[in-house]
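>>> what follows is a protein structure lacking sequence information:
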């Protein structure tokens, strides 16, 4: 039986939890996470738990069920599950409930008698029944400076807003969305060219360090005393990103578009539709272009972009935007093709011109 089958069956057939002599000596901790950014936190916990003076062990892992991934649409475990298996963690202790309030899953969790649960981008809502199980509660690594950017996409929304500073918070989990008392947080600066995948990786790396530093105080209960309630009046929301948001509208200013490209890098990406104009036969074709890397253009570049036509200068496609601004596009991707430098894409046009479709609704209607 392969690992995927085991994972698919886990929450429906596992009714007993194997124990070991180490579980009598160390406090059981349950980790909840799913995507690749969660792996960094899990690895930190694995490594710390193997220390001779560690007071805890990773007793179980909870993650999203296997799903279809990549072009082959193969059913594969989550990044967290695969990493745990690669490190030799027992598949019997990897739980993959569709929802974290399933009674059989909760029964198995109670059997473990966890001292603490730790979440890091798990991607599932935790019920009161779940939160009542761990003795010291559940703590979450959230990649924002709470109460700012509560929700599913804190890093993406922060970049979209063009923030110059963000951070990571370690907070107790309550039923209200990302509203629990904050144990600690740490700020970092945000560069103008930072993209969401890299910033997420940095923040979860930092979050794992904060977690290990605070873990002794969380396990002995003293972290509860120092955790600070959030000011709900200062809360902002970071709702989940939808594919429909990926379209760029060039009637917006270049800074707005550049921030969106950075924020949506990875998934769902950002797209634009342009007209390919062949002057020799007056033909116009619509091209769906994925915008990969950009920067806000200088004034001199704006002057070289004529009207709605896309100019090319110093290796960049120059799109005129709202407010007299311009966006330099440095990398693009055609459907089904690899990412290429804009210079290679421009050369492939063989003298044809590109026309900017500024209105988003008009661009989408061309699909």
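Nice, I can see it. Every value quoted in this text rests on a predicted model; they were computed, and no experiment measured them.

>>> could you list every residue that touches the closest residue to residue 326 other than its chain neighbours?
In space, and not counting its chain neighbours, residue 326 is closest to residue 297: 3.8 Å by Cβ to Cβ, 6 or more residues apart in numbering. All C-beta atoms are positioned from the backbone trio N, CA, C, and that covers glycine. Neighbouring residues of residue 297 by Cβ atoms under 8 Å, 6 or more residues apart in numbering: 254, 305, 316, 318, 325, 326, 327, 328.

>>> for the stretch 251-367 of the chain, just list every one of the helices.
In the stretch 251-367 of the chain, the helices defined using DSSP state H, counting those that start in this stretch lie at 254-263, 299-303, 342-348, 360-365.

>>> list the buried ones in the longest one?
Translated: helix 254-263. For helix 254-263, burial by neighbour count (16 or more other Cβ atoms under 10 Å) applies to 254, 256, 257, 258, 259, 260, 261, 262, 263.

>>> which strands and helices sit next to that helix?
Where contact means 3 or more Cβ pairs under 8 Å, 6 or more residues apart in numbering; DSSP states H and E, helix 254-263 is packed against helix 154-160, strand 270-278, strand 283-296, strand 326-333.

>>> how does it look with 10 Å?
Packing contacts for helix 254-263, counted by 3 or more Cβ pairs under 10 Å, 6 or more residues apart in numbering; DSSP states H and E, involve helix 154-160, helix 196-219, strand 270-278, strand 283-296, strand 316-320, strand 326-333.

>>> between these, which one is closest to residue 105.
helix 196-219 (23.3 Å; Cβ to Cβ).

>>> give the next helix or strand downstream of the helix or strand residue 166 falls within.
Secondary structure from DSSP states H and E places residue 166 in strand 165-172. Scanning forward in sequence from strand 165-172 by DSSP H and E, the next helix or strand is strand 182-189.

>>> out of the helices and strands packed on helix 254-263, nearest to residue 187?
helix 196-219 (9.9 Å).

>>> and that closest one, which residues are buried?
196, 199-200, 202-204, 206-208, 210-211, 214-215, 217-219.

>>> kindly reformat the helices and strands packed on helix 254-263 as JSON lines containing distance to residue 119.
Listed next are the helices and strands packed on helix 254-263 as JSON lines, based on distance: least, Cβ to Cβ, whole Å:
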{"stretch": "helix 154-160", "distance to residue 119": "14"}
{"stretch": "helix 196-219", "distance to residue 119": "11"}
{"stretch": "strand 270-278", "distance to residue 119": "29"}
{"stretch": "strand 283-296", "distance to residue 119": "31"}
{"stretch": "strand 316-320", "distance to residue 119": "41"}
{"stretch": "strand 326-333", "distance to residue 119": "34"}
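
>>> rebuild those as JSON lines, extending it with mean pLDDT and distance to residue 30.
Shown next, in JSON lines, are the helices and strands packed on helix 254-263 (pLDDT from 0 to 100; distance: least, Cβ to Cβ, whole Å):
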{"stretch": "helix 154-160", "mean pLDDT": "98", "distance to residue 30": "23"}
{"stretch": "helix 196-219", "mean pLDDT": "98", "distance to residue 30": "13"}
{"stretch": "strand 270-278", "mean pLDDT": "93", "distance to residue 30": "37"}
{"stretch": "strand 283-296", "mean pLDDT": "93", "distance to residue 30": "38"}
{"stretch": "strand 316-320", "mean pLDDT": "96", "distance to residue 30": "49"}
{"stretch": "strand 326-333", "mean pLDDT": "97", "distance to residue 30": "40"}
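
>>> what residues of stretch 346-358 count as buried?
Per 16+ other Cβ under 10 Å, stretch 346-358 contains these buried residues: 346, 352, 354, 355, 356, 357, 358.

>>> can you give me the strands for the stretch 1-150 of the chain?
For the stretch 1-150 of the chain, the strands defined by DSSP state E, counting those that start in this stretch cover 27-33, 56-62, 67-69, 74-76, 94-95, 116-120, 138-142.

>>> count the neighbours of the closest residue to residue 174 other than its chain neighbours for me.
Excluding its sequence neighbours, the residue lying closest to residue 174 (Cβ to Cβ, 6+ apart) is residue 180, at 4.2 Å. Close neighbours of residue 180, defined as other Cβ atoms under 10 Å, add up to 23.

>>> report the beta-bridge partners for residue 142.
Using DSSP bridges, the beta-bridge partners of residue 142 come out as residue 169.

>>> that one and residue 167: what is the separation?
To residue 167, residue 142 is 10 Å away according to Cβ to Cβ, to the nearest Å.
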